[in-house]
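# I would like the atomic coordinates for the input below:
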Amino acid sequence: MSVHSSTPPRTCPILVINLAGSTARWAKVSEELRGYGLAFERHEASDGRILPKDELARLAPWEPAAFFKPLSPGEIGCFLSHVSAAERIVREGWPRALVLEDDFLLADDFAGRLADLLAMPGPSADLIKIEGQLNGGELVAVTPGGQKLYRHRRPPSRTAAQLWSLEGARKFLKSAHPFHRPVDVHLKHWWEHGLEILYVRPPLVLDGDATGTTSTIGARPARGLRGALRRIRYKTVFACASQWHYMKRYGFQSWCRLLVG
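Purely as a prediction, here's the structure:
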């Protein structure tokens, strides 16, 4: 990692979601952030693996029409962790806050690029995803430093690094109880929650666990023929719905730009 002399952003709280006992991860990401002179705070993750089965069922009842498989305890804990982070943003009244999971790698000049995002004029998007690779999309804004912000009918997967606005955190919380999908999939259904989601290309944060071998989430696969058919049905319905709602919200010309972006 290269350390740069860019002035660290002072007006954006940084919360790092970290499970109790995950000390190695905490040490690693702490070193990454301190290398850029950034102030940050550990945010205790919820561990769905220790919750009773009836509580898991209450929090995230499986709804086959909403998602093709039940959520694992780890997926439920991950969702709850992001809910509690959003609650903190709302409680503190932070205009913007960065929420990180503890499996990231910072790109070069992370602090400078984050400060550039925060200096962007005009109203902020509800959520800017600063991690995740995604081709295509509609270019909607350029920061003072030249970073490009895109919008897509299907925002990037994962929730390792998300820059929330206060209003975006409020919208997320309104739709969070109960929930039926993993948190990243929940956010992909942006039209259901009224969220304006943008993403940066190239990303500011890289996946520190691209193989998933150290993940604590433990997602359940869709098993058997029925599971495979449910998955196909879900992906087909999502593709159609996301195309329709993008055109409905942003207009036909915007949808066309999305297709060729």
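
# CA atoms only: put stretch 251-261 into PDB for me.
Written as PDB, here are the backbone C-alpha positions of stretch 251-261 (Å, rounded to 0.1, in the frame of the first residue of the first chain):
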ATOM      1  CA  GLY A 251     -36.700   7.900 -18.500                       C
ATOM      2  CA  PHE A 252     -36.400   6.100 -21.800                       C
ATOM      3  CA  GLN A 253     -33.300   8.000 -23.000                       C
ATOM      4  CA  SER A 254     -31.500   7.300 -19.700                       C
ATOM      5  CA  TRP A 255     -32.400   3.600 -20.100                       C
ATOM      6  CA  CYS A 256     -30.900   3.600 -23.600                       C
ATOM      7  CA  ARG A 257     -27.700   5.200 -22.300                       C
ATOM      8  CA  LEU A 258     -27.600   2.500 -19.700                       C
ATOM      9  CA  LEU A 259     -27.700  -0.200 -22.400                       C
ATOM     10  CA  VAL A 260     -24.800   1.300 -24.400                       C
ATOM     11  CA  GLY A 261     -22.800   2.600 -21.400                       C
END
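
# tell me which residues in it are buried?
Neighbour counts over stretch 251-261 (16 or more other CB atoms under 10 Å) mark 255, 257-258 as buried. Every residue, glycine included, has its C-beta placed from N, CA and C.

# all strands in the stretch 151-261 of the chain, in order from the N-terminus.
Using DSSP state E, counting those that start in this stretch, the strands of the stretch 151-261 of the chain run over residues 161-165, 197-201, 205-207.

# In JSON lines: those strands, plus mean pLDDT, distance to residue 238 and mean neighbour count.
What follows is those, written out as JSON lines (pLDDT from 0 to 100; distance: least, CB to CB, whole Å; neighbours: other CB atoms under 10 Å):
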{"stretch": "strand 161-165", "mean pLDDT": "97", "distance to residue 238": "20", "mean neighbour count": "26"}
{"stretch": "strand 197-201", "mean pLDDT": "95", "distance to residue 238": "15", "mean neighbour count": "21"}
{"stretch": "strand 205-207", "mean pLDDT": "86", "distance to residue 238": "23", "mean neighbour count": "20"}
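
# Cool, thanks, signing off.
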